[in-house]
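Chemist: Sequence and computational prediction follow.
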Amino acid sequence: MGSTSDVGRRDLIKRSAALGLISVPAMSALSACASGGDDAAKKVDKGKKSAKNPLAVNEGAALDVVIFDGGFGQQYAKDAEAEYAAAFPKTKGKVKHAATQKIQTVLQPRFNGGTPPDLVDNSGAEQMDMGTLVGKNQLTDLTPLLDAPSLDDPNKTVRETLRPGVVEMGQFDGKPVWILYYAYTVYGVWYSKSNLAKLDMEYPETWDDMLKVCEAAKKKGIAGWTYPGKFPYYLPFSLYPFIAKIGGRDVLDSIDNLEPNAWKHPAVKAAFEAYYELYKKGYILKGTPGLSHIESQTAWNQGKALFIPNGSWVENEAKKTTPKDFQMAVAAPSSLDKSDKLPFGTLWASGGEPFIVPKSAKNPQGGMELLRIMLGEKSTKNFVKQVSSLSSLNGGTEGLSLPPGLASAQEALTKAGKNVVNPRLQDWYVTLQKQQIGVGALGEMMAGRMTPAETIKKCQKFADETAKDDAVKKYKHV
């Protein structure tokens with residue numbers, strides 16, 4: 001559908017006064033980790049380096065793994081651990097596996113006590129702050145893993161098999177790579193092709209048409225949008241690329257760099273006002289501010305709302321409630337108007353599911369070797385089939401029949417081409433991104449308790465406070 005107006009959406013969007021401001025207390029920040037010290041005495045002896053064991057893994061040492069039990073589940077990791085045990089038979093019965101949704105609660109005491117696992121999937125709502133972990137020297141440099149021969153082709157290093165940008169995402173302050181993002185996530189506006197077809201509609205490529213689709217749905221008793229109101233930091237999955245599309249990727253870089261007045265850029269104002277219009281026009285599913293990610297996804301699956309901001313893990317996470325004829329799909333943010341700096345199709349895609357090897361791990365070589373196995377073709381295809389997500393291995397889908405959502409994500413990624421953005425707030429400054437900007441600002445705006453202007457002021461305040469906090473290590477785009 002095309003826009004029926006040549007007038008910019010920025011000029012058309014008008015707002016009424018705020019309904020009132022209710023502040024939400026932010027969750028406490030990650031407590032400081034114990035400083036990394038001399039823990040060599042705690043580590044297992046290295047094994048003998050060979051073509052089959054390029055990381056010199058101790059072939060009889062125990063391995064301790066903790067996985068985030070979220071949208072991807074944990075079976076893919078268990079399967080890779082079985083491959084590890086097969087490669088090193090003396091570890092039979094010594095591979096310890098645990099899974100939790102409360103990563104910080106479970107692991108913070110172990111980090112502070114100097115007894116962390118050998119490999120951690122540091123993800124979810126209770127993700128430990130990556131910037132703090134790096135700043136406190138709590139992680140192992142993964143360069144040996146990246147420079148090791150890949151599992152399937154010894155003529156290629158692991159580094160050479162990864163998707164563009166994955167290595168860079170794991171870098172915070174120079175050449176060391178502290179994090180390996182195992183999944184490759186496509187973020188955007190997720191929808192059901194069949195539910196849009198019932199309204200005789202297609203995905204709206206302009207914001208004017210987005211509002212028309214939402215209005216048509218409203219007349220049928222269907223909401224245009226829902227989102228995880230309890231975890232409103234899902235909103236940036238479609239909002240941040242919308243900002244970049246309007247004003248260019250430099251706007252997001254300035255925000256990531258904690259630059260003064262970065263949040264006051266006209267593109268931020270335009271994007272916030274557009275999203276606020278969804279609330280003002282009654283296009284948000286009633287009760288959304290009180291919904292969890294599972295509850296909002298279930299409502300979306302049930303056809304109570306057309307659109308939801310999410311990542312490509314949603315197909316697996318919501319598979320139990322997704323109707324067979326749902327035809328799940330993802331699209332890039334709609335165009336605001338003709339003056340947008342980037343074309344339609346611009347989206348956010350990046351490494352997801354961050355894996356770390358703690359510096360104080362007893363068996364860091366084992367942790368890295370398990371990652372090397374996971375990045376092999378067998379484990380990658382198993383992951384893709386099980387969880388409907390791409391992995392950070394550049395490929396791994398050959399010969400597979402992809403489910404609708406994943407096929408759509410791959411198509412959207414191909415269509416985006418070079419117009420892929422990768423905001424870094426969520427891994428550089430977790431507390432700022434999730435609890436402050438997400439819960440304390442965007443969640444308030446979309447619930448109608450804060451105007452766009454107030455939200456911008458709040459976001460800038462949070463960013464400025466982080467920039468001035470000497471206890472928070474700073475990172476910048478270079």
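Modeler: Received it, and whenever you're ready, just let me know what you need.
Chemist: how about the helices in the stretch 1-150 of the chain?
Modeler: Counting by DSSP state H, counting those that start in this stretch, the segments of the stretch 1-150 of the chain that form helices are 9-12, 75-87, 103-112, 130-135, 143-147.
Chemist: for the stretch 251-400 of the chain, same thing?
Modeler: Ranges of helices in the stretch 251-400 of the chain, per DSSP H, counting those that start in this stretch, are 266-280, 293-301, 314-317, 364-374, 377-387.
Chemist: tell me the pLDDT at Gly399?
Modeler: For Gly399, the pLDDT comes out at 87.
Chemist: and it, what does it touch?
Modeler: If you count contacts by CB atoms under 8 Å, 6 or more residues apart in numbering, Gly399 has them with Lys381. To be clear about C-beta, it is placed using only N, CA and C from the backbone, and glycine gets the same treatment.
Chemist: how close does it get to Lys385?
Modeler: 11 Å (CB to CB, to the nearest Å).
Chemist: now do Gln426
Modeler: With distances taken as CB to CB, Gln426 is found 27 Å from Lys385.
Chemist: more crowded one of the two?
Modeler: Each of Gln426 and Lys385 had its neighbours counted (other CB atoms under 10 Å), and the higher figure belongs to Gln426 (22 against 15).
Chemist: Now do the phi/psi pair for the residue lying closest to Val44 once chain neighbours are set aside.
Modeler: Closest residue to Val44 apart from its sequence neighbours, by CB to CB, 6 or more residues apart in numbering: Ala61 at 4.2 Å. Here is the backbone geometry of Ala61 (degrees, to the nearest 10): phi -80, psi 150.
Chemist: Gln74 - nearest residue in space that isn't next to it in sequence?
Modeler: Once flanking residues are discounted, Gln74 sits nearest to Ala99: 4.2 Å by CB to CB, 6+ apart.
Chemist: can you check Gly417 too?
Modeler: Nearest non-adjacent residue to Gly417, counting by CB to CB, 6+ apart: Gly345, 7.6 Å away.
Chemist: Could you list which residues are in contact with Gly229?
Modeler: By CB under 8 Å, 6+ apart, Gly229 lies in contact with Thr288, Pro289, Gly290, Leu291, Ser296, Gly443, Met446, Ala447.
Chemist: What does the pLDDT read for the residue nearest to Pro232 when sequence neighbours are not counted?
Modeler: Leaving aside its sequence neighbours, Pro232 sits nearest to Gly443 (CB to CB, 6+ apart; 3.3 Å). pLDDT, Gly443: 99.
Chemist: hmm, back to that, could you redo the helices of the stretch 251-400 of the chain as a markdown table and give each row distance to Glu205 and mean pLDDT?
Modeler: Converted to a markdown table, the helices of the stretch 251-400 of the chain look like this (distance: least, CB to CB, whole Å; pLDDT from 0 to 100):
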| stretch | distance to Glu205 | mean pLDDT |
| --- | --- | --- |
| helix 266-280 | 14 | 99 |
| helix 293-301 | 21 | 98 |
| helix 314-317 | 22 | 93 |
| helix 364-374 | 37 | 99 |
| helix 377-387 | 29 | 95 |
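Chemist: need the ones you listed in a markdown table with distance to Gly174, can you?
Modeler: A markdown table is the format used below for those (distance: least, CB to CB, whole Å):
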| stretch | distance to Gly174 |
| --- | --- |
| helix 266-280 | 30 |
| helix 293-301 | 35 |
| helix 314-317 | 34 |
| helix 364-374 | 19 |
| helix 377-387 | 29 |
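Chemist: Go through these and name the closest to Asn195.
Modeler: Minimum separation from Asn195 across these (CB to CB) falls at helix 293-301, 9.1 Å.
Chemist: pretty sure Thr185 is touching Pro354, no?
Modeler: No: assessed by CB atoms under 8 Å, Thr185 is found out of contact with Pro354, at 10.8 Å.
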